[in-house]
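**Student:** pasting the structure only:
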């Protein structure tokens, strides 16, 4: 099997991993701290078997990484985490996978909006289809990327005293010319 075949297999596995809405929630949980299947199950109100199944899919897709093991009641529990920096050096992601990721995020945004308490200081929401020069685009995209990275790095385990549960969804992309929309 060539390197290209390995990448294709990994991308297919990642596409399958993003095919279920609970998996994006699991990845969010694993940003703040490595968790076991039992901990994921308790936090999301699903069965241990269901959490294990989804964690295996995410692991196979390369979307989460092992983060150690611990002995619990005579057994061994594996911990997993979502490494937000993992994909930074992996090169381009196929359009098909990116479209699947965007669709999964859009579905998750709909779920999150249903459980949102809008703050007194007002909304932070923007949606735009804009034309800007390439340098401005790159500079703003870099600043937003850095802010997202900082937020991920600050994430803590669920329900840590003194923390608040937040939702952050960002999608920035260069669009094709209007004549391609037909």
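**Tutor:** Thanks, I have it. What you see is a predicted model; the values in this text were computed from it and never measured.
**Student:** So which residues of the chain form helices?
**Tutor:** 3-17, 21-32, 37-44, 48-60, 95-114, 134-154 (DSSP state H).
**Student:** Of all these, which one comes closest to residue 171?
**Tutor:** helix 95-114 (6.2 Å; Cβ to Cβ). Every residue, glycine included, has its C-beta placed from N, CA and C.
**Student:** contacts for the closest one?
**Tutor:** For helix 95-114, the external contacting residues (Cβ atoms under 8 Å, 6 or more residues apart in numbering) are 11, 14-15, 18-19, 21, 23-25, 93, 167, 169, 171.
**Student:** Stretch 124-133 now?
**Tutor:** By Cβ under 8 Å, 6+ apart, the list of residues contacting stretch 124-133 reads 140, 175.
**Student:** for it, what is the average pLDDT?
**Tutor:** For stretch 124-133, mean pLDDT rounds to 91.
**Student:** pLDDT below threshold where in this structure?
**Tutor:** Residues of the chain that meet the criterion pLDDT under 70 lie in 1-11, 86-91.
**Student:** In contact with the residue in it sticking out farthest from the centre, which residues?
**Tutor:** Computed with Cα atoms, centre = their mean, the maximum C-alpha offset from the centroid of the chain is found at residue 74, amounting to 32.5 Å. Listed by Cβ under 8 Å, 6+ apart, residue 74 has no contact partners.
**Student:** Which pair of the contacts of helix 95-114 spans the longest distance?
**Tutor:** Between any two of the contacts of helix 95-114 (Cβ to Cβ), the greatest distance is 27.1 Å, for 11 and 167.
**Student:** out of those two, which sits in the more crowded spot?
**Tutor:** With neighbours defined as other Cβ atoms under 10 Å, residue 11 and residue 167 compare such that residue 11 has more, 17 against 12.
**Student:** show me the contacts for residue 30.
**Tutor:** 40, 64, 80-82.
**Student:** How much space separates it from residue 152?
**Tutor:** According to Cβ to Cβ, to the nearest Å, residue 30 and residue 152 sit 11 Å apart.
**Student:** now do residue 104
**Tutor:** Residue 104 is 17 Å from residue 152, by Cβ to Cβ.
**Student:** the more surrounded of those two?
**Tutor:** Per other Cβ under 10 Å, whichever of residue 104 and residue 152 has more neighbours is residue 104, with 19 against 16.
**Student:** surely residue 84 meets residue 151?
**Tutor:** No. Here residue 84 does not reach residue 151: they are 9.4 Å apart, not a contact under Cβ atoms under 8 Å.
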